[in-house]
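**Q** predicted model, plus sequence, below.
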Amino acid sequence: MIYFVRFLVDCRHACCQGVGRKEEPIMSTLEFEDDPLDELFGDSAGTNLPSRVAKAPPASYSPPNYTESCRKCGGTGRYGNWGSCFACHGKGTRSFKTAPQARAANRADAVARKERDADGAWYVFRCGNPEVAAWIESSAPYSTFAASMLEAVRKWGSLTERQLAACESAVAKLAAGKAARAEQAKAAPAIDTSKIEAAFAAARASRDGAGRVMLRTEGAVFSAAKADSANPGAIYVKTGMRGEYLGKIVEGRFIALRSCTPEQAAAVQAASVDPLASAKAYGLKTRSCSCCGRELTDPDSIAAGIGPTCASNYGW
């Protein structure tokens, strides 16, 4: 039902001169909100509109059909000895409405889209958690836990509270370990390692960085760290070729492990101060070269305790 309200307004026409006012009907906008549509717009509002008739394709049209051999069963219709193939229902063939090239392109697009989504999720996580992300990236190649956390972020976009707490704990432990090693390096006694470091530098230069640079002595075996290792330029120290790790020589200091005995530390210090004398002593005792490990067969080499080629390569 439509209601009208009368308002008195000033008339501006000559027909109403002398009256001064006339009444105009104005529809109220507040009194018909709940009225049914058939009262507002007439009975035609409730009638149903005619449904749209779908256009039939021409009689000559036939939808594309691509029949291929079933990949699950190899066209046999059977899956091993278990029975009929579920993929093709025992037919050995499957029908598709799209070409194989189009389906392959769609699969490739889906894989690329998934990879982009994973990269975006990891980027967002790395921006919000830079320290945790750095630890995950550096530890994932050798830590199964870090690799699983990387996969979880790329798949789900985030970590659970416990997963994030575990990663933060690992980051804290790593920082504490670095601080402890830094304090240990500062507390390590300074020794003269200039000669052994110069010998290793000459050996690296003679081999153009290829091959292993080693020095065998009676008390320890010294080996140069690789350029892509965690301690490039350092010299590792062990009790033997496959012996116990004792520590490393870095920046003129021997950073020993707690398991390194005072006798072993003294042997390392003696070989570091005079590596040539230690190499000759090892060769005279074992009749093998301290640098390359080969047996000394030449009389002059046996008498010197070291081969001439290795002595030249090490700058002696």
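**A** Yep, it's here. Since the structure is predicted, the reported quantities are computational estimates derived from the model, not experimental observations. Residues are numbered from 1 along each chain as shown.
**Q** going by C-alpha atoms from here, please, whenever you check contacts or count neighbours.
**A** Fine.
**Q** any stretches of this structure with poor pLDDT?
**A** Applying pLDDT under 70 to the chain flags the ranges 1-50, 185, 187-189, 208-210, 241.
**Q** could you pull out the strands for it?
**A** For the chain, strands defined by DSSP state E occupy the ranges 4-10, 21-27, 66-69, 93-96, 214-216, 221-224, 235-238, 245-250, 253-256.
**Q** list the neighbouring strands of the fourth one plus their orientation.
**A** Right, the one you point to is strand 93-96. strand 66-69 (antiparallel) (DSSP bridges).
**Q** residues of the partner strand that come out buried?
**A** For strand 66-69, a neighbour-count test (16 or more other C-alpha atoms under 10 Å) marks residue 69 as buried.
**Q** how about stretch 239-255?
**A** 239, 245, 246, 247, 248, 249, 250, 251, 252, 253, 254, 255.
**Q** now the two most distant members of those residues.
**A** 239 and 251 (21.1 Å; C-alpha to C-alpha).
**Q** got the domain ranges for the protein?
**A** Each domain of the chain is listed here as a residue range: 4-43, 100-185, 194-313, per automatic domain parsing.
**Q** contacts only, for residue 151.
**A** Contacts for residue 151 (C-alpha atoms under 8 Å, 6 or more residues apart in numbering) come out as none.
**Q** and if we set it to 10 Å?
**A** Taking C-alpha atoms under 10 Å, 6 or more residues apart in numbering, we find residue 151 in contact with 118, 122, 140, 145, 157.
**Q** just flag the most distant two among those residues.
**A** 118 and 145 (18.5 Å).
**Q** looking at the two, which one has more neighbours?
**A** Taking neighbours as other C-alpha atoms under 10 Å, residue 118 and residue 145 compare with residue 118 leading, 18 against 15.
**Q** the more buried one and residue 251, how far apart?
**A** 43 Å (C-alpha to C-alpha, to the nearest Å).
**Q** in this protein, which helix is the longest?
**A** Ordering each helix of the chain by length in residues (DSSP state H) puts helix 100-128 first.
**Q** for the residue nearest to residue 214 when sequence neighbours are not counted, list the residues it contacts.
**A** Setting aside the residues directly before and after it, residue 214 is nearest to residue 223 in space (C-alpha to C-alpha, 6 or more residues apart in numbering), at 4.4 Å. Each residue near residue 223 by C-alpha under 10 Å, 6+ apart is listed here: 200, 212-216, 234-238, 241, 248, 291.
**Q** now do 8 Å
**A** 212, 213, 214, 215, 235, 236, 237.
**Q** okay, those residues in JSON lines with distance to residue 194 and neighbour count next?
**A** Output for the contacts of residue 223, formatted as JSON lines (distance: C-alpha to C-alpha, whole Å; neighbours: other C-alpha atoms under 10 Å):
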{"residue": "212", "distance to residue 194": "20", "neighbour count": "15"}
{"residue": "213", "distance to residue 194": "16", "neighbour count": "22"}
{"residue": "214", "distance to residue 194": "16", "neighbour count": "21"}
{"residue": "215", "distance to residue 194": "15", "neighbour count": "26"}
{"residue": "235", "distance to residue 194": "12", "neighbour count": "23"}
{"residue": "236", "distance to residue 194": "15", "neighbour count": "21"}
{"residue": "237", "distance to residue 194": "16", "neighbour count": "27"}
